[in-house]
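S.K.: Below: sequence and its predicted model.
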Amino acid sequence: MMAKRKATEPQEPVVPEAEVQQAQTEEAELAPREELRTTIDRLQRLQAEFENYRKRVARDAAFVETRATDRTILDFLPLYDNLERAFQSLAASEDTDTFVSGVEQIFGQFHQLLETRGVSRIDCIGKPFDPTQHEAMLSIPHDTEKNTIIEEFMPGYTRDGRVLQASKVSVSQGPAPKEEEE
């Protein structure tokens, strides 16, 4: 007769306590490394996103600058066209009075365009020298008070209170010292 075999249940292998502790230690060492890898990956993605953002902002700024330049050019094109017509008219008829009248009108248009853009000329003759608005080209003895502007070589302009171009001026050093006669 054959003996009945008793079905044996699989038994879990017995792992020594030292091996369990070593496995836990290895796991504990791997966790910070994995966390570090995850952090590095996130930082690299963030850096790439920031680079893309910088490039997009630079592209957008260039586009805005181009559009602003285009608008400015469009404002000046009628003046250019009118000057061209004035010169063609002068070449065809040699009527200088009509030409001068046309150029005066164009100058008026130009002045109006600058005014609408908030541009104004810096008034400087007889005023005290201000280095934020004026650039001294010469300093000469003069009867006026020291540091008074006596001549304007090139006008300066402001726009909404901000200096676009400083006036190039000559400034007084004050009256020349009088030499005593012997």
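M.R.: Arrived safely, thanks for sending.
S.K.: give the contact list for Gly156.
M.R.: Arg121, Ile122, Cys124, Gln133, His134, Glu135, Val163, Leu164, Gln165, Ala166, Ser167, Lys168 (Cβ atoms under 8 Å, 6 or more residues apart in numbering). Bear in mind the C-beta positions are built from the backbone N, C-alpha and C, glycine included.
S.K.: what sits opposite the first one in the beta ladder?
M.R.: Here Arg121 shows beta-bridge partners Tyr157, assigned using DSSP bridges.
S.K.: Quick check, it in contact with Tyr157.
M.R.: Yes - using Cβ atoms under 8 Å, Arg121 makes contact with Tyr157 at a distance of 5.9 Å.
S.K.: Out of the helices and strands in the chain, which is least certain?
M.R.: helix 17-93 (a mean of 88; mean pLDDT, DSSP states H and E).
S.K.: Now do that one: which elements does it pack against?
M.R.: Here helix 17-93 touches helix 96-116, going by 3 or more Cβ pairs under 8 Å, 6 or more residues apart in numbering; DSSP states H and E.
S.K.: contact partners of the helix it packs on?
M.R.: Contacts of helix 96-116 with the rest of the structure, by Cβ under 8 Å, 6+ apart, involve 75-76, 78-79, 82-83, 85-87, 89-90, 120, 157.
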